[in-house]
Every structure is written in C-alpha cells, then in structure tokens.
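In: Return atomic coordinates for the entry below.
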Amino acid sequence: MRIFENANYPFLAWRRRAYIVSAALLLVSIGAMVRNVLDPSLRSWANYGVDFTGGTIVQVSFANPTDVEDIRAIEGAGDWEIYRYGTGDEFIIRMPTFAQGTEQDASEVVKATLDAEFGENAATVVRTEAVGPKVGQELQRKALLAILLSLGATMIYLAYRFEWRFGLAAVIATAHDVLLTLGYIALFRTEVSLSTVAAMLTVVGYSLNDTIVVFDRIRENLRLPHRGQTHTEILNRSVNETLPRTVLTGPSVLATLLSLAFLGGPVIRDFALVLIVGTVVGTFSSIFVATPILHLVEQKWPHREKKIGSSASASRRQSATV
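Out: Numbers count the residues shown, from 1 in each chain. Here you go, the predicted model:
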C-alpha cells in the first residue's frame with residue numbers, strides 16, 4: 001500500500017471521461033430494460049423467479065447418495081431450480097409453474113421424473129409448498145419499497161450527519177450504482193429471486209459505505225486551514241488519501257465474491273455475480289461519480305463560511321466608536 005501512500009492522482013480532472021463512461025453504461029442498462037419490456041416473448045424488464053411469479057417448491061429425499069448435478073442433468077428438469085437441503089441427501093426443487101403444463105400435481109411430476117431416472121421409489125417427496133402469484137406481486141412491491149426507503153433514509157441521515165450537499169451527492173451516486181446493477185440483471189436475464197434482492201440491498205450498503213468514507217475525509221479536510229487550496233484541490237486530496245483503503249477493500253471483497261461465483265455452485269452464482277458487478281460499480285462511483293457531483297453542487301450553491309474574525313473585528317470597532 002506504500003505505492004498509494006503519497007498518491008496525487010488528478011481524479012477530478014478525469015471526471016468528464018468518467019461522465020462519458022457512466023452515461024454509456026446507463027444507456028446500455030436502460031436500453032436493456034426497455035428492450036425486455038417491448039419484447040413480446042418477455043414483456044418484463046427482468047427474469048422473475050418463482051418467488052415473484054408464483055410456482056411450487058418440492059422437497060425430496062433420496063435413499064442413496066445423490067449429487068445436485070445428477071438431478072440437473074435429467075431431461076425435463078432444465079427449468080427447475082435445485083439445491084441441497086441440509087447435510088443429507090435431501091434437495092429443494094423450485095418449479096416455475098404449479099403443474100409443469102399438465103393437470104398433474106407438481107409433486108407427482110417431480111416424483112415420476114425422478115423415478116424414471118433413478119429407479120422406482122429412489123426418491124420420496126417430503127413436502128410441497130405453493131407460492132401464488134399474489135404473493136409474488138406483494139414481494140415485488142416490498143422489494144422495491146425496501147430499496148427506495150433505504151435510499152430515502154440514507155439521504156436524511158447524511159443531510160443531518162454531514163450536510164445536504166453530501167446527502168444529495170451520495171444518493172445520486174447510489175442510484176447510479178443501482179441502475180447499472182439492474183441493467184446487468186436485465187441485459188443477461190439473471191433470475192430475480194429473494195437472494196437477488198438481498199444482493200441489491202448489499203450493493204446499496206457497500207456503495208454508500210464507500211462513498212461515506214470519502215465524504216468523511218472531505219469534511220475533515222474542509223474544516224482544516226485551506227492554505228490557498230481551492231475546493232477542487234481539497235476534494236482531489238481527500239480522494240487520494242482514502243485510496244489505500246479503497247485499494248485494500250475492493251480486491252478483498254472481489255476475491256471472496258469470485259470464490260463464491262466459481263466454487264459456490266449454480267445456486268449462489270447469480271447472487272455472487274450481482275454483488276461483483278455492484279462492488280466494481282460502487283468503487284468506481286465513490287471516486288468518479290459521488291465526488292464530482294459534490295463538486296458540481298458546490299459550484300452551483302457555494303458554501304458560505306462564517307467569517308468569525310471579520311465579525312469580531314467589526315464588533316470591536318463598534319465598541320471603540322461608542
């Protein structure tokens with residue numbers, strides 16, 4: 001980290017290039033969402049999973065040791081979401097429809113498919129739960145409400161803890177990160193489940209934390225004697241001073257998430273990939289989006305500091321006159 005100990009990179013001088021990159025990524029993200037909505041075969045900006053669209057959850061238990069990949073390889077199980085339940089040979093199977101296009105019950109379809117592949121009575125259905133479309137719609141509203149409330153509460157906190165300029169810049173940067181992450185989900189048709197919502201909320205928290213670290217250093221430096229430094233120079237110095245922390249945190253988080261993505265299996269892969277995108281975007285925005293926006297807000301509405309020394313001198317002059 002000694003490489004960045006005395007870093008003096010002109011980040012704010014590169015802000016126009018960062019604007020171009022952000023604008024291009026936002027256009028791609030919004031374009032992917034609009035394309036999915038207009039596509040007659042999709043009609044939705046995202047690929048909602050069973051938790052949101054409704055379906056059936058079937059828990060099965062195998063008499064002999066069985067692997068998840070063996071079940072996924074079965075013909076007709078391509079749209080099943082399968083993961084191991086507990087430490088034994090029990091598995092959870094999520095099905096997107098109640099009866100898989102037939103009049104049979106979902107548990108009977110699963111039982112018949114598994115018996116045909118592994119032999120008669122090789123698997124036993126332990127339980128079956130249905131998730132109705134009404135529940136799915138309610139989850140959609142609650143997920144959206146959770147993200148909006150978190151952004152609103154954050155802006156109020158930052159406006160109180162720091163100043164309204166910091167709160168506004170932080171919320172814009174976080175909204176930027178959320179839009180880009182949603183764009184990734186729309187572009188690659190990542191299945192949106194409850195774990196995806198959890199990943200989105202984690203992205204919001206990571207992005208805000210990264211931004212607040214930079215803003216806290218900016219606030220500290222603004223309180224110190226400026227010594228002829230301009231507002232741009234103070235912001236630039238603050239970002240450089242937090243760079244060692246950013247370089248340590250970002251790759252450490254990414255190393256963990258990459259391990260989850262490649263070694264954690266298909267069930268957790270989408271969750272990890274969403275977090276990887278959010279981490280990269282959040283680190284980028286804390287340097288090239290949040291700080292430049294704070295600079296723009298300061299240029300638009302300059303902060304007027306109270307000149308205590310001048311006021312005191314004026315008071316003394318008035319006293320001497322009297």
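
In: So for stretch 94-109, mean pLDDT?
Out: In this model, stretch 94-109 carries a mean pLDDT of 63.

In: Next, the distance between the ends of that stretch.
Out: Using Cα to Cα, to the nearest Å, one end of stretch 94-109 lies 12 Å from the other.

In: what does stretch 214-230 give?
Out: 18 Å.

In: Now that stretch: average pLDDT?
Out: 86.

In: What of stretch 140-147?
Out: Per-residue scores along stretch 140-147 average to 78.

In: Which parts of it count as buried, going by neighbours?
Out: Residues of stretch 140-147 classed as buried: 140, 143, 147 (neighbour count, 16 or more other Cβ atoms under 10 Å). All C-beta atoms are positioned from the backbone trio N, CA, C, and that covers glycine.

In: Tell me who's in contact with the last one.
Out: Yep, that's Ile147 we're talking about. 178, 200-201, 204 (Cβ atoms under 8 Å, 6 or more residues apart in numbering).

In: Quick check: helices, which of those are part of them?
Out: With helices defined by DSSP state H, the entries of the contacts of Ile147 inside them are 178, 200-201, 204.

In: Buried ones among the residues you listed?
Out: 178, 200, 204.

In: The first one contacts Tyr206, correct?
Out: When you say that, I think you mean Val178. No. Between Val178 and Tyr206 there is no contact under Cβ atoms under 8 Å: 11.4 Å.

In: Provide a list of residue ranges in this structure with pLDDT below threshold.
Out: For the chain, the stretches flagged by pLDDT under 70 are 1-5, 78, 86-87, 97-104, 131-136, 303-322.

In: what are the ranges of the helices in it?
Out: According to DSSP H, the helices that the chain contains are 15-38, 50-53, 68-72, 106-118, 133-161, 164-187, 194-223, 231-241, 243-263, 266-288, 290-300, 308-321.

In: The second one: how far from the chain's middle?
Out: Using Cα atoms, centre = their mean, to the nearest Å, the mean C-alpha position of helix 50-53 is found 20 Å from that of the whole chain.

In: what about dumping the CA coordinates of it to PDB?
Out: This file holds the C-alpha atoms of helix 50-53, laid out as PDB (Å, rounded to 0.1, in the frame of the first residue of the first chain):
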ATOM      1  CA  VAL A  50     -40.600 -18.500  -8.600                       C
ATOM      2  CA  ASP A  51     -40.500 -16.100  -5.500                       C
ATOM      3  CA  PHE A  52     -42.100 -13.400  -7.700                       C
ATOM      4  CA  THR A  53     -44.100 -15.100 -10.400                       C
END
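
In: counting contacts, what elements does it pack onto?
Out: helix 133-161 (3 or more Cβ pairs under 8 Å, 6 or more residues apart in numbering; DSSP states H and E).

In: I'd like the helices of the chain written out as a markdown table, with distance to Ala7 added.
Out: Shown next, in a markdown table, are those (distance: least, Cβ to Cβ, whole Å):
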| stretch | distance to Ala7 |
| --- | --- |
| helix 15-38 | 17 |
| helix 50-53 | 44 |
| helix 68-72 | 46 |
| helix 106-118 | 58 |
| helix 133-161 | 26 |
| helix 164-187 | 21 |
| helix 194-223 | 13 |
| helix 231-241 | 4 |
| helix 243-263 | 5 |
| helix 266-288 | 12 |
| helix 290-300 | 15 |
| helix 308-321 | 34 |
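
In: Of all the ones you listed, which one comes closest to Arg127?
Out: helix 106-118 (8.7 Å; Cβ to Cβ).

In: Go through the closest one and flag the buried ones.
Out: 106-107, 109-111, 113-114, 117-118.

In: Ok, stretch 32-44 next?
Out: In stretch 32-44, counting by 16+ other Cβ under 10 Å, buried: 32-33, 36.

In: Those residues into CSV, with extra columns for distance to Ala123?
Out: CSV is the format used below for those (distance: Cβ to Cβ, whole Å):
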residue, distance to Ala123
Ala32, 39
Met33, 40
Asn36, 36
